[in-house]
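S.K.: below are the sequence and a predicted model for it; my questions follow.
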Amino acid sequence: MSYNVKLNVYEGPLDLLLFFIKRDEINIYDIPIAHITREYLDYIHLMQSLNFQMAGEFILMAALLMRIKVQMLLPQPEVEKLEDIEDPRTELVRMLVDYQKYKEVSDQLKRLEENQSQYFPVSSAVEMRDYDPELFLGDVTLIDLGMTFQRILDKMPKVKQFGIETIKINIRQQIRFLREFFVKRNRIRFTEIAMKLTDRIEVVVTFLAILEMIKSNEIHVSQKDIFGEIWLTKKKPAEEYVVANA
Amino acid sequence: MLSQTHKIVLALLCGATEPLTKTQADVCLEEDVALDRVVAELNNYFETEGLPVWIQNLAEGFRMMTRSEYEPWLNRLFQNKGKLRLSRPALETLAIIAYKQPITKNEIDAFRGVDTTIKPLVEKNLIDIRGRQEGPGRPLLYGTTVHFLEYFGLASLKELPRAREIAEIVDAENLPAGDTERNAT
């Protein structure tokens, strides 16, 4: 029998510290480090006793708090001017003040989001009708291509058993496979090709084959908008030549 | 009555799937359109006639929107898909990016004190990649998109609340000035 305990969720160590500062009405520019460290460690121990997964950042902050405390206890080296003595808390205060600022802005964004959700655009970008897609195509960057592949890889069934298999396909073979698509048509959707692929290694090798074909100027890739469909277009035969080292 | 120019602008606004800019209007009408004025007059007209739409100044352009009082019906139409909201970490991350762009993931992490997940925001088209920072590792730089402005109902990045204004804004419960929807009565 297990229980789920719902506690206030803090986004990170800074969030937690700000909670203590607000609750105990502490002046952020004059933080009593001993007090705040005790509160902080109590919270961490509570989380641990409840079997919470403790993010590394929380432990890191505990170490930072203790280091500041130690620095404050150690005698300062003799300095000429009083201003030269640096408060070991300065860095922490700066982090907290910055974080607080962005936290407030994010609350403001939340209100804007809520407000804007009342309005619906009169016409929105639904599926494009039967336009000639080529009219609207823009160039694809390597990142777009990579992200599309990542999405396809994510859709692949997860491997439950592990074994070592010989890789049975190669780039040359996948280039031939891709060329078959271009026999009847000049332009194909990337997802059409992807649908024919069944495992990860096949996707990876096909990706390499596409890169190879782009490099050898055999095809061109284009995309209408970000995360949109990627189209592969066959270049004119004059530009086509044998793929080297495929 | 609406002039021919008003009607054409209205038609453009009805058909456009993203905010209509002054440049686009000029190109379509083949003349220099006083778009701000035409939009203001159209908004007056909608209000006088009690129509369920208004034109919002969004992302450096204009977009025709439904009025807030029709939200319940539209929510039913979209089966509450419009009810999805960004999480707190996502909003925090966006706040930092909006003010500090272009910014690297490491810099965002330093502000938040935690490891930040960037990918969902890129996938939602709220931020995009602005190139790489010179220096070790050449990390990617992120900035907000046009869709970010639309999503939060902002006419431009200048409308983002400035840090020292925030306290006052929170007190007054005011949304950024500009053209907020007026009540049609």
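M.R.: The structure has been received and is ready for your questions.

S.K.: hey, let's count contacts and neighbours off CA atoms from now on
M.R.: Noted.

S.K.: tell me what the longest helix along chain B is packed against?
M.R.: Using DSSP state H to define each element, chain B has its longest helix at helix B:35-49. Applying 3 or more C-alpha pairs under 8 Å, 6 or more residues apart in numbering or on different chains; DSSP states H and E, we find helix B:35-49 packed against helix B:4-15, strand B:53-58.

S.K.: what does chain B have sitting close to chain A?
M.R.: Applying C-alpha under 8 Å from any C-alpha of the partner chain, we find that chain B lies next to chain A at B:14-18, B:53, B:63-69, B:71, B:74, B:82-83, B:85, B:88-89, B:91-92, B:94-96, B:111-114, B:123, B:125, B:151-153, B:161, B:163, B:166, B:170, B:175.

S.K.: chain B contacts on chain A?
M.R.: By C-alpha under 8 Å from any C-alpha, the residues of chain A that approach chain B are A:11-14, A:57, A:95, A:98-99, A:101-110, A:112-113, A:115-125, A:226-227.

S.K.: buried only: go through those residues for me.
M.R.: When the residues of chain A next to chain B are checked for burial by 16 or more other C-alpha atoms under 10 Å in any protein chain shown, the buried set is A:12-14, A:95, A:99, A:101-110, A:112-113, A:116-122.

S.K.: outline the domain layout of chain B.
M.R.: Listed by automatic domain parsing, the domain ranges of chain B are B:4-76, B:85-152.

S.K.: domain parsing for chain A?
M.R.: A:13-75+A:83-116, A:133-157+A:166-239.

S.K.: I'd like the ones you listed laid out as TSV, including mean pLDDT.
M.R.: Shown next, in TSV, are the domains of chain A (pLDDT from 0 to 100):
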stretch	mean pLDDT
domain A:13-75+A:83-116	87
domain A:133-157+A:166-239	77
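
S.K.: among those domains, which comes closest to B:Gly135?
M.R.: domain A:133-157+A:166-239 (20.5 Å; C-alpha to C-alpha).

S.K.: quick one: the closest one to chain centroid distance?
M.R.: Centre-to-centre, domain A:133-157+A:166-239 and its host chain are 24 Å apart (C-alpha atoms, centre = their mean, to the nearest Å).

S.K.: the strands in chain A, which residues?
M.R.: Using DSSP state E, the strands found in chain A span residues A:138-139, A:187-189, A:219-223, A:230-234.

S.K.: and the third one, what does it pack onto?
M.R.: Under the contact criterion of 3+ C-alpha pairs under 8 Å, 6+ apart, the helices and strands touching strand A:219-223 comprise strand A:138-139, helix A:200-215, strand A:230-234.

S.K.: 6 Å instead?
M.R.: Here strand A:219-223 touches strand A:138-139, strand A:230-234, going by 3 or more C-alpha pairs under 6 Å, 6 or more residues apart in numbering or on different chains; DSSP states H and E.

S.K.: show me where chain B has strands.
M.R.: Counting by DSSP E, the strands of chain B are B:53-58, B:61-66, B:127-132, B:140-144.

S.K.: okay, those in JSON lines with mean neighbour count next?
M.R.: Shown next, in JSON lines, are the strands of chain B (neighbours: other C-alpha atoms under 10 Å in any protein chain shown):
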{"stretch": "strand B:53-58", "mean neighbour count": "24"}
{"stretch": "strand B:61-66", "mean neighbour count": "23"}
{"stretch": "strand B:127-132", "mean neighbour count": "17"}
{"stretch": "strand B:140-144", "mean neighbour count": "21"}
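
S.K.: mind putting those strands into a markdown table with mean pLDDT?
M.R.: Converted to a markdown table, the strands of chain B look like this (pLDDT from 0 to 100):
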| stretch | mean pLDDT |
| --- | --- |
| strand B:53-58 | 95 |
| strand B:61-66 | 95 |
| strand B:127-132 | 92 |
| strand B:140-144 | 95 |
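
S.K.: redo those strands as CSV? Include distance to B:Gln4.
M.R.: Output for those, formatted as CSV (distance: least, C-alpha to C-alpha, whole Å):
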stretch, distance to B:Gln4
strand B:53-58, 18
strand B:61-66, 18
strand B:127-132, 39
strand B:140-144, 37
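
S.K.: A:Leu145 is nearest to which of the ones you listed?
M.R.: With C-alpha to C-alpha as the measure, strand B:127-132 is the member of these nearest A:Leu145 (14.3 Å).

S.K.: list the helices and strands the closest one packs on?
M.R.: Against strand B:127-132 (3+ C-alpha pairs under 6 Å, 6+ apart) you get strand B:140-144.

S.K.: the strand it packs on vs strand B:127-132, what angle?
M.R.: Put simply, strand B:140-144 runs at 140 degrees to strand B:127-132, going by axes from the mean of the first three to the mean of the last three C-alpha atoms, to 10 degrees.

S.K.: can you list contacts of strand B:140-144?
M.R.: For strand B:140-144, the surrounding residues in contact (C-alpha atoms under 6 Å, 6 or more residues apart in numbering or on different chains) are B:101-104, B:126-132.

S.K.: who does the longest helix along chain A touch, helix- and strand-wise?
M.R.: Longest helix of chain A, by residue count under DSSP H: helix A:90-116. The elements that helix A:90-116 packs onto, with contact taken as 3+ C-alpha pairs under 6 Å, 6+ apart, are helix B:88-100.
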